[in-house]
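>>> this one's sequence-less:
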């Protein structure tokens, strides 16, 4: 006898993206995260889980942020576009994304 289990309702999955953000100015990166980048991520229905500042070369730095967001059309591109639209950000891209639930 085979038991039919009810199917789970499929909804948007939760994603974890690792974003690399290169700021326009290398000073005050913690303030940039708190006052500008985090609110931008939250407007896009995301949450900054953690972040760290990493030296690149010649005094340049980048922010590596682990951001949790809901799956949606366009994947991580809408958030990348929102971050790239910030005057204080030179470049932003998602270098890795995985489904966490």
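Perfect, I can see it now. Please read these numbers as outputs of a predicted model, since none were measured by experiment. Numbering: from 1, shown residues only.

>>> need the longest helix for this structure.
Secondary structure of the chain per DSSP state H: the longest helix is helix 77-84.

>>> Pull out the buried residues from that one.
In terms of neighbour count (16 or more other C-beta atoms under 10 Å), helix 77-84 has its buried residues at 79, 80, 82, 83. Every C-beta, even on glycine, is put in place using the N, C-alpha and C of the backbone.

>>> do stretch 17-35 as well
Quick answer for stretch 17-35 (16+ other C-beta under 10 Å): 17, 18, 19, 20, 21, 23, 29, 32, 33.

>>> Residues contacting it, please?
With contacts defined as C-beta atoms under 8 Å, 6 or more residues apart in numbering, stretch 17-35 is touched by 37, 48, 51, 53, 56, 59-69, 76, 79-80, 83, 87-97.

>>> what mean pLDDT would you report for that stretch?
Averaging pLDDT along stretch 17-35 gives 95.

>>> Also stretch 71-88?
In this model, stretch 71-88 has an average pLDDT of 92.

>>> Now do the end-to-end distance for it.
26 Å (C-alpha to C-alpha, to the nearest Å).

>>> From here on, call the first residue 168.
Understood, numbering begins at 168; the last thing we discussed is stretch 238-255.

>>> Any chance you could list what contacts it?
By C-beta under 8 Å, 6+ apart, stretch 238-255 touches 179-182, 184, 186, 188, 190-192, 199, 203-204, 207-208, 210-211, 213, 234, 236, 256, 258-261, 264, 266.

>>> Who are the contact partners of the spatially most central residue of the chain?
For the chain, the residue nearest the mean C-alpha position is residue 234 (3.8 Å; C-alpha atoms, centre = their mean). Residues near residue 234 by C-beta under 8 Å, 6+ apart: 183, 184, 185, 186, 208, 213, 214, 215, 216, 246.

>>> helix or strand for it, which one?
strand 228-237 (DSSP states H and E).

>>> Partner strands of that strand and their direction?
If you go by DSSP bridges, strand 228-237 pairs up with strand 181-190 (antiparallel), strand 213-222 (antiparallel).

>>> Alright, I will stop here.
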